[in-house]
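Participant: Give me a model of this one.
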Amino acid sequence: MAEVINMPRLSDTMEEGTVAAWLKKVGDKIQEGDILAEIETDKATMEFESFHEGTLLYIGIQEGETTKVDELLAIIGEEGEDISDLIAGGSSDKKEEKSEAKASEEMSSNDAEETSGNDDLPEGVIVVTMPRLSDTMEEGTVATWLKKVGDNVEEGDILAEIETDKATMEFESFQSGTLLFIGLDEGESAKVDSLLAIIGPKGTDVSGIAKNFKTGGSDKKAAAPQKEATKPLVKEASSSVSTSTSSSSSSSDSSRVFVSPLAKKIAEEKGINLAQVKGSGENGRIIKRDIENYTPEVIAAPTAVGQVATSGKEDFEEKPNSQMRKVIAKRLAESKFTAPHYYLNVEFDMDNAIAFREQVNAIPDTKISFNDMVVKACALALKQHPQVNSQWFADKMRLNHHVHVGVAVAVEDGLVVPVVKFANELSLSQIGAAVKDFAGRSRSKKLTPQEMEGSTFTVSNLGMFGIESFTSIINQPNSAILSVGAIVEKPVVKNGQIVVGQTMKLSLACDHRTVDGATGAQFLQTLKGYIENPVSMLI
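Facilitator: As a prediction, the model looks like this:
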């Protein structure tokens with residue numbers, strides 16, 4: 001089914017956009033995440049990526065042409081699909097859209113009156129709302145403010161780090177002025193388009209704007225109280241500039257510690273005193289690796305309040321659900337209760353795999369894990385069994401001929417699934433390097449949304465935790481997920497003799513709508529051939 005792509009709103013003040021350049025032409029194949037065009041907004045020229053796969057069937061705005069936000073930009077669908085109704089509909093609706101736009105402007109004018117309490121916003125004042133930083137983002141959490149009320153803000157400055165359902169991302173200002181108001185404290189959440197901050201000329205009274213701000217999907221934070229309008233929000237030592245420094249307790253000049261925002265956040269999570277950390281960055285700046293490699297002095301750690309329950313007394317603590325945890329809960333529940341899961345369990349002989357890995361890792365500057373071998377074996381097997389590499393839609397089934405393997409990585413707030421793209425085309429060492437990089441950046445929340453999208457199959461490995469076997473919930477829209485257990489030494493029968501062997505249990509969870517039992521079993525037979533004879537993966 002064809003998808004209509006409209007002119008996106010790429011900044012909070014954007015009303016229309018100009019196509020600076022098309023990077024795809026009609027007839028080209030489009031993959032999710034491909035850059036379709038460069039769009040010139042009122043602030044900058046930005047890349048616009050596709051959230052759909054298919055063939056580019058129609059381009060509605062030529063290079064150099066300008067149109068309003070939400071006007072027809074392009075259509076993506078299946079090759080040869082009839083889209084005349086969509087094109088005609090887009091054209092015939094122009095007048096109607098213009099009249100709607102006019103009405104919308106009038107409504108916006110009324111909203112502005114409600115928002116400010118006056119006919120218009122004061123001159124130079126800009127309301128900054130919670131941005132949509134990923135295609136699936138519905139609400140965001142302020143992880144860190146890098147500016148405080150009263151600070152001067154330049155266009156391009158990083159205002160805050162926003163935690164989405166997928167990652168923690170820097171949010172930059174598209175305006176210059178003074179930060180007059182902050183609507184969300186660090187750690188608080190709000191829906192997309194809720195009041196985040198107000199920027200304008202120094203000394204402007206914006207209490208009425210903050211008090212009366214409304215948004216279509218407003219929640220308890222949408223109408224932010226004015227308590228913070230003149231009072232600095234952040235705690236001592238939390239103000240920082242994204243590219244250089246942040247203030248803290250002490251350093252060599254007894255007044256400043258130079259630290260990156262990410263390093264500061266990790267230090268706070270680990271309870272590390274920045275004054276005791278020596279920075280290895282430019283001008284002694286403390287960076288992420290300094291925190292990760294920091295070894296504290298041998299001092300008894302303070303006991304956390306409430307961690308030890310008094311005998312005979314009920315005790316607990318409550319922890320707010322993070323954005324990631326909320327989305328994980330929602331999506332796994334949808335998957336479990338909409339996809340008819342069934343499970344196929346196997347046990348593989350790992351003797352050859354162990355010997356193969358030892359030989360490969362004996363090569364200088366080369367190191368692979370068993371998980372890397374499983375990912376590679378799955379990728380090769382999926383090419384032979386596209387039914388397992390498929391996706392289910394209400395009116396069709398998509399058999400993917402490319403292989404993008406998602407690798408589940410445990411993080412503090414739950415689980416993320418970075419994607420090793422075209423895994424069947426990568427060597428074992430390339431897969432190992434990619435997975436190691438993803439795992440490191442997953443735990444510091446520095447993966448981009450694009451790195452966690454587009455998987456066609458998923459591998460979840462708990463073997464390193466000593467788990468012998470388990471089952472997983474399918475990571476939709478995938479049709480299957482492989483659960484990998486630990487390698488266990490046990491008695492096995494070989495050539496009629498009981499000998500000591502090494503085995504590994506795996507469980508394949510399948511969506512019965514797309515993968516029949518025999519299909520899943522054939523996939524596991526192919527996978528067995530690669531894992532029990534790993535040299536075949538090199539041929």
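
Participant: Give me the contacts around stretch 528-538.
Facilitator: Residues from elsewhere that reach stretch 528-538 (Cβ atoms under 8 Å, 6 or more residues apart in numbering): 346, 348-350, 352-353, 356-357, 373-374, 376-377, 380-381, 428, 504. Where C-beta positions appear, they are placed from N, C-alpha and C, glycine not excepted.

Participant: Looking at those, which is nearest Glu49?
Facilitator: Using Cβ to Cβ, Lys376 is the member of the contacts of stretch 528-538 that sits closest to Glu49, with 27.8 Å.

Participant: Other residues contacting the one helix or strand the closest one maps to?
Facilitator: Lys376 belongs to helix 370-384 when assigned by DSSP states H and E. Applying Cβ under 8 Å, 6+ apart, the external contacts of helix 370-384 come out as 350, 353, 356-357, 388-389, 401, 403, 405, 407, 420, 423-424, 426, 428, 431-432, 435, 456-457, 459, 461, 463, 482, 484, 487, 504, 523, 526-527, 530-531, 534, 537.

Participant: what's downstream of that helix, the next helix or strand?
Facilitator: strand 390-392.

Participant: And the contacts of that following strand?
Facilitator: For strand 390-392, contacts defined as Cβ under 8 Å, 6+ apart pick out 339, 397-400, 456, 477-479, 511, 513-515.

Participant: What is the three-state secondary structure of the closest residue to Gly414 other than its chain neighbours?
Facilitator: Spatial nearest neighbour of Gly414, excluding adjacent residues (Cβ to Cβ, 6 or more residues apart in numbering): Ile328 at 4.6 Å. In terms of secondary structure, Ile328 is helix; the call rests on DSSP: H, G, I helix; E, B strand; the rest coil.

Participant: go on, Val127?
Facilitator: Strictly by three-state DSSP, Val127 counts as strand.

Participant: ok, how many other residues are close to Arg398?
Facilitator: Using other Cβ atoms under 10 Å, Arg398 is surrounded by 17 other residues.

Participant: tell me which residues of the helix holding Lys376 are tucked away?
Facilitator: Across helix 370-384, burial judged by 16 or more other Cβ atoms under 10 Å covers 370-383.

Participant: Show me where the stretch 201-350 of the chain has its strands.
Facilitator: 341-349 (DSSP state E, counting those that start in this stretch).

Participant: which stretches of it aren't confidently modelled?
Facilitator: Confidence mapping of the stretch 201-350 of the chain against pLDDT under 70 gives the ranges 214-258, 260-262, 281-283, 285, 296-310, 323.

Participant: try 90 this time
Facilitator: Applying pLDDT under 90 to the stretch 201-350 of the chain picks out residues 202-332, 334.

Participant: Would you map the helices across it?
Facilitator: With DSSP state H, counting those that start in this stretch as the criterion, the stretch 201-350 of the chain has helices at 207-212, 261-270, 288-292, 323-338.

Participant: Make CSV from those and add distance to Ala197 and mean neighbour count to it.
Facilitator: Formatted as CSV, the helices of the stretch 201-350 of the chain follow (distance: least, Cβ to Cβ, whole Å; neighbours: other Cβ atoms under 10 Å):
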stretch, distance to Ala197, mean neighbour count
helix 207-212, 10, 18
helix 261-270, 17, 19
helix 288-292, 26, 18
helix 323-338, 19, 15
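
Participant: any idea of the pLDDT on Ser109?
Facilitator: For Ser109, the pLDDT comes out at 45.

Participant: Quick check: the residue nearest to Gly414 touching Val411?
Facilitator: No. Ile328 lies out of contact with Val411 (Cβ atoms under 8 Å); the separation is 10.4 Å.

Participant: which ones are touching Thr178?
Facilitator: 150-153, 199-204.

Participant: Confirm that it sits in a helix.
Facilitator: No. Per three-state DSSP, Thr178 lies outside any helix segment and is strand.

Participant: Val459 - how many residues pack around it?
Facilitator: 26.

Participant: On the strand side of things, show who it bridges to.
Facilitator: Legend: beta-bridge partners of Val459 under DSSP bridges are Val407, Leu482.

Participant: you'd agree it is up against Ala408?
Facilitator: Yes. With contact defined as Cβ under 8 Å, Val459 reaches Ala408; the gap is 6.9 Å.
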